[in-house]
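Chemist: Give me the fold of what follows.
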Amino acid sequence: MKKLFVCAIAIATLMSGCGTGAVDLDELATNEPEAQSGSEAQEVSTEAEAETAVPDDDEAREITLEFVGTTPEFFENAAQEFEEQTGVKVNLTYHDYSEAEATMERIHAKLMAGKGADIYAGFPLNFQTLGQQNHLCDMATWIAQNADFTSEKYYMRVIEEHEVDNHIYGLPLFFLCNGLGTKVDVPELEADKQLTWEQFFDITKIINRNGVLYSLTDYELFERRYKESAGRYIDEQNNTHDLNSTEMIELLEQCKSWGEENICIPYSLSDQPEAYDSAFFKEYGTGILALAHVCVERKDNGEPEIYWFDIPADDEDNNNANMIFGVENVCINEACSDKETAWQFIKFLLGEQMQANNQWATPVLRSVAETSIEKEIEMIELYGLDFDTQQIKDDILYILNNIGRITSRRSSVIETIILEEAQRYFADEVSAEAAAQNMAKKVELFFKEQ
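Modeler: Next comes the predicted model:
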């Protein structure tokens, strides 16, 4: 298990998320964006919260964007720059993360009613379901038709995070590395070997601690393990499954037993923040510096601020288990009346100027990511730390070029069925056997209806 020393200032705790264009971006200038004021950031259109409307040829072209985030500056700058370079105004509606959950139901209702903003960004929408119901545009065709979208130019493994059956309804602009952090070293995890969950807990469960060992609930742990091994249980091509099996029952029971043993958080405590806060191991999402396996900022005694470990995986053969998850996911409303301009704006967000405008996550544009690596290497050298900077650079590039595990936020119909029945088991409503049987019956019914 690889141990990384992580820069404290780079870590952000992970929260438990048509054709060719009408605008010639090749002719665009590259002026530096100017940030708008805070009051402008909160400005909301009075026109029914950025409803879509058919543009008049005699009027200035406009599109609408509704987004959520900790700060609005990135999309504010993008909107201002895009208008200056194309003449297209992007009307913004901004929500702080604290408002995200409260607005989700309203956004889903808008989309399903054929209304809402032209573009949504940052919301943990169920892209696949909304797309299959024809409420979101499929960007896969546009990507395939655009010669810019290649593995040489972009980290396509990340861009295709939400791809299901050759459809892409949500597209991440940036990504983070998801890893395991603790403020206390664990020498037993020094070996450079990927551990399974069972191996990891066998080694670490004896650690002296005040709270739980791991900052996931027993249900969240099941969800993680199921998603990584779904192919063992479901064969959608042949409409077969192995859900009502000993293996599924044992997976459910093992995850629940770890909650009962205080190894992970019992489902009954999932609504108590202190249960997560007291965990010995916490999952973090961090930027590119964490991939360097170093710590730039250290405590007064010279010890690393955070010790960083790979997240366990049931697949012992997965030698690159760095978990990557896309952020600032964008999608286009099927009701958008100017899809070409909306797509051009998303392409603008994926261009060099705006990809370099985000300082907290890794760009999906390779050239900008590699420039970021050089800047981080310079920072390490400025601190005078005794590291092999060329080796650090090589390590980062290897990880970025061999992305293994994607932390997917998509949820298919079958996956939703399985997780809903599993949740009933962890809530003590049914037995593991009954949960597996219910999964099997509902999935069989789904297969028959297809």
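Chemist: Give me the helices and strands touching the longest strand seen in the chain, please.
Modeler: The strand of greatest length in the chain, counted in residues with DSSP state E as the criterion, is given as strand 171-182. Using 3 or more Cβ pairs under 8 Å, 6 or more residues apart in numbering; DSSP states H and E as the contact criterion, the secondary-structure elements in contact with strand 171-182 are strand 3-6, helix 156-159, strand 282-286, strand 306-309, strand 323-332, strand 362-363. The way it works is simple: take the backbone N, C-alpha and C, and place the C-beta from them, glycine included.
Chemist: Can I get that strand in CSV? Just the C-alpha atoms.
Modeler: What follows is strand 171-182, C-alpha atoms only, in CSV (Å, rounded to 0.1, in the frame of the first residue of the first chain):
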residue,chain,number,x,y,z
LEU,A,171,-19.1,15.9,-18.4
PRO,A,172,-16.5,16.8,-15.8
LEU,A,173,-14.3,19.8,-16.3
PHE,A,174,-11.7,18.9,-13.7
PHE,A,175,-10.9,16.0,-11.4
LEU,A,176,-9.5,15.2,-8.0
CYS,A,177,-7.6,12.2,-6.6
ASN,A,178,-9.5,10.4,-3.8
GLY,A,179,-7.3,9.0,-1.1
LEU,A,180,-7.1,8.0,2.5
GLY,A,181,-5.6,10.3,5.1
THR,A,182,-4.7,10.1,8.7
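Chemist: could you point out which element follows that strand?
Modeler: Scanning the chain past strand 171-182 towards its C-terminal end, the next helix or strand to appear is helix 197-204 (assignment: DSSP states H and E).
Chemist: Need the contact partners of that following helix.
Modeler: 1, 186, 188-189, 195, 213-214, 221, 225, 254, 258, 263, 280-281, 312-314 (Cβ atoms under 8 Å, 6 or more residues apart in numbering).
Chemist: What is the burial count for the nearest residue to residue 245 once chain neighbours are set aside?
Modeler: The shortest distance from residue 245 to any non-neighbouring residue, by Cβ to Cβ, 6 or more residues apart in numbering, is to residue 436 (7.0 Å). Other residues within reach of residue 436, judged by other Cβ atoms under 10 Å, total 27.
Chemist: Mean confidence (pLDDT) on stretch 103-119, please.
Modeler: Stretch 103-119 carries an average pLDDT of 90.
Chemist: what does stretch 147-166 give?
Modeler: Averaging pLDDT along stretch 147-166 yields 84.
Chemist: Show me which parts of that stretch are buried, residue by residue.
Modeler: Of the residues in stretch 147-166, those buried by neighbour count under the rule 16 or more other Cβ atoms under 10 Å are 149, 154-164.
Chemist: Could you work out the end-to-end span of that stretch for me?
Modeler: One end of stretch 147-166 to the other measures 17 Å (Cα to Cα, to the nearest Å).
Chemist: With stretch 224-240 instead?
Modeler: End-to-end distance of stretch 224-240: 22 Å, with Cα to Cα as the criterion.
Chemist: hey, which helix or strand in this structure has the poorest pLDDT?
Modeler: Within the chain, no helix or strand scores below strand 11-13, which has a mean of 33 by mean pLDDT, DSSP states H and E.
Chemist: quick check: angle from the helix or strand hosting residue 391 to strand 323-332?
Modeler: Secondary-structure assignment from DSSP H and E places residue 391 in helix 389-401. On the basis of axes from the mean of the first three to the mean of the last three Cα atoms, to 10 degrees, helix 389-401 is oriented at 50 degrees to strand 323-332.
Chemist: Residue 367 and residue 352 touch, don't they?
Modeler: Yes. With contact defined as Cβ atoms under 8 Å, residue 367 reaches residue 352; the gap is 6.6 Å.
Chemist: Count the residues that sit near residue 363.
Modeler: Residue 363 sits with 25 neighbouring residues when counted by other Cβ under 10 Å.
Chemist: Could you check how far it is from residue 71?
Modeler: With distances taken as Cβ to Cβ, to the nearest Å, residue 363 is found 17 Å from residue 71.
Chemist: Next: residue 117.
Modeler: Separation of residue 117 from residue 71 (Cβ to Cβ) stands at 19 Å.
Chemist: between these two, which one's more packed in?
Modeler: In this comparison of residue 117 against residue 71, neighbours counted by other Cβ under 10 Å, the higher total goes to residue 117 at 27 against 13.
Chemist: got the end-to-end distance for stretch 143-150?
Modeler: Between the opening and closing residues of stretch 143-150 we find a distance of 9 Å, counting by Cα to Cα.
Chemist: For the nearest residue to residue 211 once chain neighbours are set aside, what are phi and psi?
Modeler: Taking Cβ to Cβ, 6+ apart as the measure, residue 211 lies nearest to residue 278, with 2.7 Å between them; neighbours along the chain are not counted. Reported as degrees, to the nearest 10, the phi and psi values for residue 278 are phi -90, psi 0.
Chemist: Could you work out the end-to-end span of stretch 223-238 for me?
Modeler: Using Cα to Cα, the end-to-end distance of stretch 223-238 comes out at 23 Å.
Chemist: my guess is residue 269 contacts residue 275, does it?
Modeler: Yes. In terms of Cβ under 8 Å, residue 269 counts as a neighbour of residue 275; the distance is 4.4 Å.
Chemist: Same drill for these two, tell me which one is more crowded.
Modeler: Under the neighbour definition other Cβ under 10 Å, residue 269 and residue 275 were set side by side, and residue 275 has more, 18 against 15.
Chemist: you'd agree that one is in a strand?
Modeler: No. With DSSP: H, G, I helix; E, B strand; the rest coil as the criterion, residue 275 is helix rather than part of a strand.
Chemist: what residues are up against it?
Modeler: When the contact criterion is Cβ under 8 Å, 6+ apart, the partners of residue 275 are 211-212, 265, 269.
Chemist: Narrow those to those that are buried.
Modeler: A residue is treated as buried here by neighbour count (16+ other Cβ under 10 Å); on that basis the buried members of these are 212, 265.
Chemist: Nearest to residue 128, out of the contacts of residue 275: which one, please.
Modeler: Closest approach between the contacts of residue 275 and residue 128, by Cβ to Cβ: residue 265, at 27.8 Å.
Chemist: pretty sure that closest one contacts residue 259?
Modeler: Yes. A contact is recorded between residue 265 and residue 259 when judged using Cβ under 8 Å, the distance being 6.5 Å.
Chemist: who touches both of the two?
Modeler: In terms of Cβ under 8 Å, 6+ apart, residue 265 and residue 259 are both contacted by the residues 217-218.
Chemist: Can you select the buried ones from the contacts of helix 197-204 in ChimeraX?
Modeler: Provided next is the ChimeraX selection string for whichever of the contacts of helix 197-204 are buried by 16+ other Cβ under 10 Å:
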select :1,186,189,195,213,214,221,225,254,258,263,280,281,312,313,314
